[in-house]
Structure formats: C-alpha cells, structure tokens
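Attaching a predicted model along with its sequence, questions to come.
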Amino acid sequence: MLQIHCPYCEEHREEEEFAYSGEAGIVRPESPAELSDEAWGDYLFFRKNPRGLHQELWLHASGCRRYFKVLRDTVTYAIHGSCKIDEQLAPVGQISGIRS
Amino acid sequence: MNQVNRLPDGGRIDRNVPLSFRFDGRNFTGYAGDTLASALLANGVDIVGRSFKYSRPRGIMAAGMEEPNALMQMGAGAATVPNVLATQAELYDGLVASPTNGWPSAKLDVTALAGLFAPLLPPGFYNKTFMWPGKGWKFYEWFIRRMAGFGRAPSAADPDIYDKLHHHCDVLVIGSGPAGLSAALLAAESGARVVLLDEQSEFGGALLAADETINDAPAMDWVQQVIARLSQMENVTLLSRTTAFGYYDHNFVAALERRTDHLGLVACAGSRQRLHRIRAGQVILATGAFERLPVFGNNDRPGVMLASAVSAYLRRYAVAAGNRMVLFVAADSAWQTALDWLDAGRQVVAVVDPRPAAVGMQPSSEVFGALQARGVEILQGYAVVDVRGRRRVREAVVAPIADNLKQLTGKQRHLACDLLAVSSGWSPVVHLSCHTGSRPVWDDEKAGFLPGFRQGCLPAGSVNGSYGLAECLQEGYQAAAAALEATGLVTSVQPIASARVQPLAKACPLFLIPHHRSPTRAPKQFVDFQNDVTAGAIHIAALEGYESIEHVKRYTALGFGTDQGKLGNINGVAILAGALGKSIAETGTTMFRPAYTPVTLGAIAGRDVDSLFDPERVTAIHGWHAEHRAVWENVGQWKRPWYYPHKGEDMASAVNRECLAVRRGVGILDASTLGKIDIQGPDAGEFLDRMYTNRFSNLAVGKCRYGLMLKEDGMVFDDGVVARLAQNRYLATTTTGGAAAVLQWMELWLQTEWPELEVWLTSVTDHWVTIAVAGPDSRRVMAEVCEGFSLDEDAFAFMEWRDGTAAGVRARIMRVSFTGELSYEINVPADYGRHVWEACMSAGQPFGITPYGTETMHVLRAEKGFVIVGQDTDGSVTPQDLGMSWVVNAKKPFSFIGKRSLARSHTSGKMRKQWVGLLPLDPAERLLEGGQLVDDPGQAVPIVMLGHVTSSYYSPVLERTFALGFVRNGRQRMGDVVHCPLKDGRVIPAKIVPTVFLNETQAEPA
C-alpha cells in the first residue's frame, strides 16, 4: 500500500485516502472540431504508460478533495515527489514516502 | 506406548502440566510447552500424513515453518482450521487434530494405490489428461475435486472475531534471533519507536535450540535480559506469535498475531487473531535461514529429518525422534547433531559427509576428533543414495562419491538405522524481501540466494548468509545503526554482545545426489514434498523444452504448496540448472508473493463483516418505510423501498396495485437518494454548458431542465434535472448510483482543466429529503400540505420550481415528473423529512395516497420510454443510440464534453444498436433483462446477436408485458419480430415497437 504526500494537506497519508486518476498533464485540445478522428482518438485513448517514471494525477478523496500530481516509478512504485496541480514536479532526486 | 521418545529431563517444556490430545483418532499425552509436532514425535508417531499426489506415508521433517508434511486439520465443525502446521500448533489440553490428506486414516490409506499409477502421473499431467472425450468433463471434475487440495474448509459461520491494529514506527524488526534482538536493543536505546515481532511463542529465534554462549553466559540468559529491558521501554512494542506475512510498498508490513490459537480451538474472550498493519520508517529483516536437505532416493520416508530439527527436538522439547541415527551432512553446523544425539544416550551409526577434502570444506578438527573419540564411524567422501523402509526408515544406502559430487565411485553399503538426519547447508529466508518485486541474488560463495536490494530494508544475520553467532550480533547492531542514521536519530553508545567467532567451512554446493540410474529412472528423489515433485519431474520438464524456472515451476507444481516450497525451491533451481547445463545464477529463482504462511480470511476481514461490511445508507424517512413493511432494494450502498406489500400480496400484486394507484389516483415516493450538487459562481452557467449536452446558461431563474451528461468519448454517463436557483446558482441532480462519480468528474474538470472558471461545488445529497407526489390527484394533496405559492396550472407550470412551505417547513417544490403523470417533488431539510412525509400521507388519505417503491417507479417510467442511466446504458451508448438527439444542443459555442466524439466515424456510423420497445407476441410472456436478441434462433452457433433486453416488466395499465432493449438498426425495423433465446431452451418472440407505450392520453396504449 502506497504512502502519498498530499501537497495541500502537507502530510503523508495512506493510499486508502486517495483515488488514482491516470496520467497528469493531459491538455484538452482547444478546437476539437478541427482535429481528425485519429488525432482526437489519440487524445481520448492513448496514454504514455511508461515503464519507469510516470507523472500522474491523484485525488485526496477522503481528505481535502484536491487533485494533485505525483511522480511515481511504475516498476518499483517508489514515489519521487508530489506537487500542487498548478506546480511542476521536481526532477528525480530524493525518494520520498519512506522517511529516509 | 507412552511418550517413548521423551528424554527423562531437559527441554523447555513444563513436565508439571501434562496435556491430553487426540490425533488421527488416537489419544496421546504431552506437556505444556510442546508443539503438536514435538508431542507426536515424543509418542513415537511415525506417519503424520500422506503426500498429495502419490499418497506416500510422510513423517515430520523439521521443527519450524519449513515443515512440508505435518499439515493438520484442527478440530471439527464451524471452528475447524485446515492446513495448520504441527510444528507451529502449540499443544493445549483437549486438542484434536487429523492429517489433511489420507483416507480413511494416514496409517492406512487407500489412495496410496495411486502410487501404483505413478508412471501415468508425470509432471504436467494436469495439462495432458482429462482432455478426451470432452463430454466426460463433468466426471473428470468430480474426480479431480476428490483428489485435489489440502484440508477441509468449515461450512458454518466462524464463531470467532478478529481485529486489526495500526502502527507507525521508526524501526520494525522482523525476527528475534541474535541479529534481531541486537538491532532492536540498539534502536530502542537510541530513542527510536521500535516494533519487534517473532512468529514463535518465545523470543530468541535460533538461540532457543542452540547450545551457545553470549557474553560468556548461556545465550538464552542474554535473550531474557534483552527482552526484559525492551518490555520496560515505552517506545517498544513486542509481538510474539506474530508472523509478518506480507511486505508491501513503502515499508508497509502486514503481520498476523495468533492470540488464542495456543489455548483452544475457539477464543474464549476477545479476538482470536489480530492483523497488525505496520507502516515503518525502516525495516530490519532478521528472518534467519532454513536448513536444506540434499535430494536422494526415497528422501521422503518417515524418519528422514533435518539435522537442526533433530537437535531442536532434543534441546527444546527433550524428544529423541528415534534410536539409531545416520547423520548425512554437507555442512559443518550439522555435525553438532551427532554429539547432541550421543549426549542424549542414543546411538550414532555413522556420519556420512560427501564433501571433498578440498581446502575450506573440511569439518572442524574439534568436532571430528570428539566424534572419533566416541567411536562413531565417519565415512568421508560418501553420500546417501537411497533409503530402505516404507513406513519408517530401516536402512540408509550409502556409496562413495567423486570430488566433483557428480558420480558415484564405488560399491554401496547398507547402514541399518531408524533416523536419517540430513543437512546440505542453509537457505536464507528471503521471502519477505521479494514481495514487491526485488529478485533474490545467488551467491556462489554461500551457495544460497540472498535478499535483493529494497529501499528502506536492511537484512541482518543468517538471512544475509552470515551463519556465525558473532556475525549475527554484529550485523544486527550495524543494521540498527544504519536505520537510526536514516531516521535522523543519534546512535546511543552501546556495547555489541560478544560471542566466540567460529570459523565455518565454505558452503558446499550439494543438491542432487547422483544415482547409478538417471533421475527419471532412479527411485523417487523428492524436491518438493508438498506437491510430490521429484528430480525426475524437473528433468522431464527440461526434456520437454521448459527452460525458464518460471515455466518449470508451473509445469511441475514446484513450490506451489502452502509452504511455498520453503525446503525444496533451491534444490529445484539447482537441479534445473544442472539439467540445462546452466549456472544457478543464470537460472535464477521464482519470486515469492504474500502470504509467507497461510492467513485466515477472517483475520483479513477483521471486524468489517456482516452489517459492518459496507456502510448502509438510509434516508431520513427510513424508519417509516421499515414500519410499513417495505421490502428493500440495494441501490449502491443505499436501502430503498422496492415495494410495500400489503398482507397476502406477492411482489407482482403489490407492484400492480402501486402502479395503478399512481396512474389513477396519487402515489408518494422517497426520492432522497438521488444525488444533489449545489453549483455556485459567476461561471456556473458556462460550466454546466460545458458538462452537459444541452444548455443551462440560458435557463431562467425559477425553471428546471433535464440534462444529459456524456464522458469525453461521447457515451452517456449520467442524467438528471437541473434547477436554476439564482443568477449564479444551480442545483443539479444525478442518478442515485452516479452521485459521487458525477461530483468527482465535475471537480476533475474544474481543478485540472478550467481552473480559471469561478465555480464552487457542494454535495447536498444527504442534506435534503425529496418526496415525490405523483398522479392525477397529486395537486389536491399538495394543496393540503403546501403554502406560499399557487398550484394553478398557469401559475406553476411543468419544469418550474417554487419556494414555500410544506407541513409548515421551509421547502422548495419542483414540478418534475419521472412517471409521466402530474407530479411534484417536495424538498425539505432532511431533519424534517419524516414529518413532511407523514403530513403528505395524512393529507392524502381521502385520495387513497399509496406509497410506491423503486420497482413501480421503474415500470411507470418505462411505459413512457424514459431511460434509466446504468440500467438501459452501459457506457457504450450515445444519445443518438437512445433516440435522444433532441437533448444535444449542437449550437453551443463551446465544444462540450463528448461533443467531438459524437462525430467519430464509429460513433456516428450506421448499424449501431438502437434503443427500441419490445412487445412479446404472447402478452403474458416476459422477456428476461440481459437476454440476447437474434433474428433466427435456428441459425447454427454462433448465432448473430443483434442486441439485448435492458428493461422488462408487466404493465397493469396495458395489461400485458413489455420491454425495452437494443437492436442493431432498430429504428428502421419497426414491426419486425426478433427472438430472445433463454437458457432453459425457450425462445420468446417479440415485435419491435417505439419506446413510448403510453402517450399523453394516458391509459391509451401507444
């Protein structure tokens, strides 16, 4: 079970308090009508699904109910940091989540 | 035959407390402090079970959790527990146990005849047999079920309760042997919050059975001092009888504490077991190592035991598991067992050591000399190749072995004995370290797999391949120091406990003992005892082309049992490596997954059972419904009245009565469970325009409008009525089941995509009670109950709302209808809900007001062709499929959620499944919801499926059955007949019709 740091509550909380919401940073196209079916389909269905570092959205569902971003390694599940929705994730360095 | 193998003194048992127990139908006695295994051995019980595949008689091999054979069914009835290891079960008075395998008893087992069919049961036979003829599958399944599995699950409710405890600590120490205790002490003295746990009833780990000294005193003295010190410290939690069974992400460890299993079958007070959920800053893994045994012919016979187990039974339990021992060892540590055996007054027939006289593999001269002095024959350069005796070891067959350990070089000798103690080295207990995917690493020097790297995990002691006592104490200390540094605490100045440094010989890589026949032809050489996997089986797998250890594991069932192959896996890997001509490092090992040892489901559920399994949501009017004998329907977590049967009514008659009452008089429904979201802000209207298919920014204050919500892929997601309360305020309703999802969906867009919009959302589902009053007489009831506004048709039109009072309570009244009848919804603060409901019931008495439930609500809306999202839709349905293009406003400037997808070629293509009405040709026959619809039921399978039935009812107004469903291109096929084949062989023909069955003139069928 993951331990996740909510950047709004400024605390590490258990995974059970959160809901996962997929890849972060997906921007809705400005003019959907101008996109081909294929390009629109890319936006709808295709995700990076990386083996390794993944920027993803989590919702603090049982807490402050804010969405925020997490940088997690999809192989080791180590979490490298989290930030508010309007901030940028720090580059990989310290591993957080475990007090080490 | 009373405890023939019990020594006259010694052991950690209490001879003042004799205990009676029953095993396999026979009565025995033991002592307090015994395990079931030690008591059985004390009583001279050889056979404790039968093996899984070949039903061979099996005895106890080990003293701990690595035991593969002594699986017990404890007790009987509702509290019976399967697959309890006799080596873990602590003896109590009145204990009843039987083997999990073996019929009619382990001693006399009929299924042993299966052994005769052994050549027909090679590895992978599960994949090859029971295939032909296919029609015989029902018999094969019956047969397999009889043969398969261990133990019997209870069939009555568990009488015990279980609970959970959550911990946060700085340092979790798993294992209380010398490394674990050394670590825990330093960490605790340095001020860390420490949790120390051990699976045994006493702390001390390997020291409980060792003849060692620490700080120049018996090792157990040191253990007791450390435990005494730790129990005084407030920052320390000590947990015995607690097995860490799962090591999950971010140092989250789950451990099971057996609180009363040592006292009886059922807990007399409190919880029987407790699940500890521990979040640790650092984990020190001090789980020790299991002794290995080599693989040779008939190495599964009762009387073959691990050398360390023989010593453990002598020292801890004062039990000598036989009389005449042959000791077959390829590891220095095990030579001590021969001395222990002689000290107990028993006979050592011979010590057989296959290790070549190469540098570093000689047994220590001290022990060697001691045994020679006592007249023990020492056969160096020999190995045991076979065992004689079926129900008990009778003879060990030995032969000289080459230095490379791969060939036999001389004639066999037969040594008469009744106990064969064996050891080929140690395997670190790495299991927990791989639970999150960190692969163990083979170490040639130590001839074992060591834990792979895991962030936040510090292995110490035997689990690291360090088998000397001084090393273990040192490593525990160092691990704690590292843990403290990572935690940011200062390491307290503490001396390391001291012990004599004993040089140990280099580990000997001995796994499979050669036989003059090949492994596939030799007498069975067992690798995995629980699943009867032999060396021959692994060779066959390799011959058949299985090269990966992952495939070989699954093909042969190596390591599949409840013991996860604790004794056999390393041998299995080594034998496969040998068969493939690869090194062990190249072959690798499979990974272990939780649980390390079996965990009862009750402990995982804890107290969250029965009524506590899921929260039960009820409306403020719930008590009234219950008092009026409502039958409940579960809608998500909500309890909603399904129907209200009068005395003597079944569901059909109750629903018919309720439907007719609403259509012809007046009915009343509790609609409080539907989601309600308060939406405020200057951009609220713009926001709703983006979220729904239709427009809300132009909705006048005081009016309501039905809205449909799509996901971005264009599929229907939810629907509901939205009311405009003020210039910058709306109230949106959702389906009951979709309320939380819709709120989260709205938050997702506002927070991550449109943070510039000024909109605030609040869930008000539970804050308002909603009472629907529906039917031609509804206005008359409303006139009695409500004040503050006019109910006239021209003053209060359809799809408007008014503020006023209901039964004296401030209320918001909406004129909306889900039934097609004149209908109002009264919204009041929830605390007044029941009061207002009762006022409506009272005011409605003269009009025969009838409470109706969800079933009637479903029938009535279906007669009008109103969709229920989640019943008629499944996430793959567009508004066009439903025939609801009218609710899609293509002229809105913003490309609302889902709009672009409606133009995708597939979404807008022809031949999509379209929502239609269905009238069974026989008006009394009812279609089944979910039933598939086809043109020609006589077509050869696979029959082309056109769609399915989504809703199906009987209408008392139409006096016939009717249904709604999807048919490909359905709107072009009005009048066609389609067929619904059912499982019981019937086929129901139905005509495709429009979705509206009752039009405005009410009782008139469409």
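Nice, thanks for sending it over. The structure presented is a predicted model; accordingly, all values stated were derived computationally and were not measured.

Can you name the residue of chain A that approaches chain B most closely?
Closest contact between chain A and chain B, by C-beta to the nearest C-beta, is at A:Pro32 (3.6 Å). The way it works is simple: take the backbone N, C-alpha and C, and place the C-beta from them, glycine included.

Test my guess that that residue contacts B:Lys899.
Yes - assessed by C-beta atoms under 8 Å, A:Pro32 is found in contact with B:Lys899 at 7.0 Å.

show me where pLDDT drops low in chain B?
Counting by pLDDT under 70, chain B shows low-confidence ranges at B:1, B:102-134, B:143-149, B:358-363, B:1000-1006.

which residues does the residue nearest to the spatial centre of chain A bridge with?
Here the mean C-alpha position of chain A is nearest to the C-alpha of A:Glu56 (C-alpha atoms, centre = their mean), at a distance of 1.8 Å. Note on A:Glu56: beta-bridge partners by DSSP bridges are A:Glu23, A:Val70.

mind listing what it touches?
Residues in contact with A:Glu56 (C-beta atoms under 8 Å, 6 or more residues apart in numbering or on different chains) are A:Tyr20, A:Ser21, A:Gly22, A:Glu23, A:Ala24, A:Lys69, A:Val70, A:Leu71, A:Arg72.

Counting neighbours, which of those residues end up buried?
Among the contacts of A:Glu56, the ones that count as buried by 16 or more other C-beta atoms under 10 Å in any protein chain shown are A:Ser21, A:Ala24, A:Lys69, A:Val70, A:Leu71, A:Arg72.

before we move on, the earlier item: pLDDT score for the residue of chain A closest to chain B?
We have a pLDDT of 97 for A:Pro32.

Pretty sure B:Gly437 sits against B:Met591.
Yes - between B:Gly437 and B:Met591 a contact is recorded at 7.1 Å, counting by C-beta under 8 Å.

which one of those two has more residues nearby?
Between B:Gly437 and B:Met591, counted using other C-beta atoms under 10 Å in any protein chain shown, B:Met591 has the larger neighbour count: 17 against 13.

need the contact list for the more buried one.
Here B:Met591 is in contact with B:Cys434, B:Gly437, B:Arg439, B:Pro440 (C-beta under 8 Å, 6+ apart).

same for chain A: which of those are within range?
Among the contacts of B:Met591, the residues within reach of chain A (C-beta under 8 Å from any C-beta of the partner chain) are B:Gly437.

Where do the helices of the stretch 401-550 of chain B begin and end?
B:469-487, B:535-543, B:549-556 (DSSP state H, counting those that start in this stretch).

follow-up on the earlier one: rebuild the contacts of A:Glu56 as a markdown table, extending it with pLDDT.
As requested, the contacts of A:Glu56 are exported to a markdown table (pLDDT from 0 to 100):
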| residue | pLDDT |
| --- | --- |
| A:Tyr20 | 97 |
| A:Ser21 | 97 |
| A:Gly22 | 96 |
| A:Glu23 | 97 |
| A:Ala24 | 97 |
| A:Lys69 | 98 |
| A:Val70 | 98 |
| A:Leu71 | 97 |
| A:Arg72 | 97 |
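
Give me the sheet partners of the strand or helix carrying B:Phe245 and which way each runs.
B:Phe245 is part of strand B:242-248 when elements are defined by DSSP states H and E. If you go by DSSP bridges, strand B:242-248 pairs up with strand B:252-258 (antiparallel).
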